[in-house]
Structures are given as C-alpha cells and as structure tokens.
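Asker: Below are the sequence and a predicted model for it; my questions follow.
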Amino acid sequence: MYTRRNQRNLTRTEKRRLIDALLRLKRTGQYDEFVRMHADFFVTDAEGRPRAAHMTPSFFPWHRRYLWEFEQALQSVDPAVTIPYWDWTTDNTPGASLWADDFLGGTGRAGDRRVMTGPFAHGNGGWPINSRITDAGYLTRNLGRPADPISLPTKEDVARAVRAPVYDASPWDSTSRSGFRNAMEGWNPGGGERFGNHNRVHRWVGGLMLGAASPNDPVFWLHHAFMDLLWIRWQRAHPKAGYLPREPLHPAHPHAGLVFGLRDPMPPWDVPPAELLDHRRHYRYQ
Ligand code: CU
Ligand code: CU
C-alpha cells in the first residue's frame, strides 16, 4: 500500500527521485515499451476493432491497470516513488511549479515546439523519443496553445461530469450522450467544445501529448493519475451505480464484441474491469 500525492506538494528530493526513476526506465528501454503499448491500444471507434483503452467504457479500468504496471516499473528502480497527480483545475497555467526546471520542464520553443528546459529537454541527452510514431527525436509541447489559446477544464467542468448518475451509456463510444465515462473522457458529442476534460488536457499540453504516443511526455502519468482519482470521486458520489455494461453487448448491437463488459478480460493483461474497480488494496490518494 502506498500513496499518490498531489504533485504540487512534492519536496525537491521527491521530485528528483521521480525524475531519476523515469530517466532510468528510459535508459533500460522499459519506458519506451510502455509508450508502444499505449500506441498499440490507440484504437478509435471508427475502426471496428475491439477497443479496450479509448472511446470505450473500459477507458478508466484500462488506464488504471496501465498506470499501476508503470508504477511497478518505477518502484523496481526506487521503491519510494509513486505516480503523483496533476490537478489541472488548480495548477492551470504554464507558470505552475509542475513545469519548472527542477520538475517536468516547460513549454516548447517557437517553430518546432522542442522542449528546451528541465530534465526531458533534448539537449540534456536523457530523453530521446524513440517511438516509431513520430519523426521528431525530441519532446515537444505547446502549453496553452498561445497562438490559438485553450484553457484547462475548470472545477465546474469536472463537477458536471462527476454528477452523471450512470457510468456509461449506449452506444458505448465517443458519441455516448450521457454517462460519466464519456463526459470525463471528453469527446463532447453534440455540445459545445469538441474536446472536454481529459481530452482537453492533452490538447492544452500539445506536442507529443496529442497523439497515440502521448506517454512520451511524462506529464501523461500525472494527468492520468488525476483521471483515476476523478473516477474514484465518481464512485464515491454514486455508490450504487457500478461499471456498465454489466454484460457483453447483445450480438445485434453495432459494437458487440468491440467493448468490454464488467467480466470481459481486457488485453494485454487478461484482467476484466470487475477486478479493477477497487484501487484500495494497492494505493490511496492524498
Ligand atoms: Cu490513453
Ligand atoms: Cu489520456
């Protein structure tokens, strides 16, 4: 049992140890295996293939397991390290300590968006981008997209999603009009901004956070730890509403066989959502 903490409360030493563990996993190649796994599971609902990770009810349990596996890798390097979370409703500017030189470094430079500061700047040599997904060999960001400004989701945006009384709803994809999952994943069918909550944060960071290889930017883990916490908040707000769909979809449903019901084993771990609903055996949030 260990604790995931708000990144803004980490000490200098705690930040340093997290960075060191990340750099170490990068050197051994394990980090890039996680990036590749995420890219392999970046399946959209237009593709007609099973989708465990995105545009799908198992978005939350899949990423919970994915983060947990990554956290195990971090702890194999340094047992004291856990994944902190980034509450982007509070630390919502490029001036936040998250982006300082002693932590994740700042935004990209004009032109090629290359990150020039902090431990993941290409010039420091420790963070080559190896995934086949992108041509650039360096980390890129465009925090807040100054040329076409975008803001991070607000507390009210989050609260609105957490108020949803059901977990998810048919057609169980990016067009689901009700349910916590799509409101928080943020595909916003039909209404207002095209990208909300989770998706909007990826867009606000920009650069490599935009695509299938988004874990190339270490802020991915801090963002998804907060998503995991928001799922817990939804569970606490609606203790009688469970994961949906409970059963595999009826064979006549257009997404039959493509989404994961409560007891359907999810790749690559063969673990069903049912086994990922309760995080408390492994970690807690503070
Ligand atoms: Cu993802
Ligand atoms: Cu994401």
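Answerer: Arrived safely. Ligands and ions are numbered 1, 2, ... in the order given.
Asker: For the rest of this, base every contact and every neighbour count on C-alpha atoms.
Answerer: Fine.
Asker: can you tell me which residues contact the residue most central in space within the chain?
Answerer: Centroid-nearest residue in the chain, with Cα atoms, centre = their mean: H224, separated by 3.1 Å. The neighbours of H224, taking Cα atoms under 8 Å, 6 or more residues apart in numbering as the test, are H63, L67, Y85.
Asker: Closest one to H198 out of those residues, please.
Answerer: Checking these against H198 with Cα to Cα, the nearest one is H63 at 12.2 Å.
Asker: Next, the buried residues of the helix or strand encompassing Y66.
Answerer: If you go by DSSP states H and E, Y66 is part of helix 59-77. Neighbour-count burial for helix 59-77 flags 59-68, 70-71, 73-75, 77 (criterion: 16 or more other Cα atoms under 10 Å).
Asker: Likewise for stretch 81-91?
Answerer: Of all the residues in stretch 81-91, those buried under the rule 16+ other Cα under 10 Å are V81, T82, I83, P84, Y85, W86, D87, W88, T89.
Asker: show me where pLDDT drops low in the stretch 1-150 of the chain?
Answerer: 131-135 (pLDDT under 70).
Asker: picking that back up, which one of the buried residues of helix 59-77 is nearest to W172?
Answerer: F59 (10.6 Å).
Asker: Pretty sure the closest one sits against F42.
Answerer: No. Applying Cα atoms under 8 Å, one finds F59 not in contact with F42, separated by 10.9 Å.
Asker: Spit out the residues that contact those two alike.
Answerer: What both F59 and F42 touch, as defined by Cα under 8 Å, 6+ apart, is the set A53.
Asker: Count the residues that sit near the nearest residue to P50 once chain neighbours are set aside.
Answerer: Of all residues not flanking P50 in the chain, L258 sits nearest, at 3.8 Å (Cα to Cα, 6 or more residues apart in numbering). If you count neighbours by other Cα atoms under 10 Å, L258 ends up with 20.
Asker: what about L258, distance to M37?
Answerer: Separation of L258 from M37 (Cα to Cα, to the nearest Å): 18 Å.
Asker: same thing with A212?
Answerer: 10 Å.
Asker: Which one's more surrounded, those two?
Answerer: For A212 versus M37, neighbours defined as other Cα under 10 Å are more numerous around A212 (19 against 15).
Asker: my guess is the residue nearest to the centre of the chain is in a helix, correct?
Answerer: Yes. Under DSSP: H, G, I helix; E, B strand; the rest coil, H224 falls within a helix.
Asker: And the pLDDT for it?
Answerer: The model reports H224 with a pLDDT of 98.
Asker: what's the answer for G211, then?
Answerer: G211 carries a pLDDT value of 88.
Asker: Same check on the one 5 residues further on?
Answerer: The predicted structure scores N216 at 96 on the pLDDT scale.
Asker: Helices along the stretch 151-286 of the chain, start to end?
Answerer: 155-162, 180-185, 197-205, 219-237 (DSSP state H, counting those that start in this stretch).
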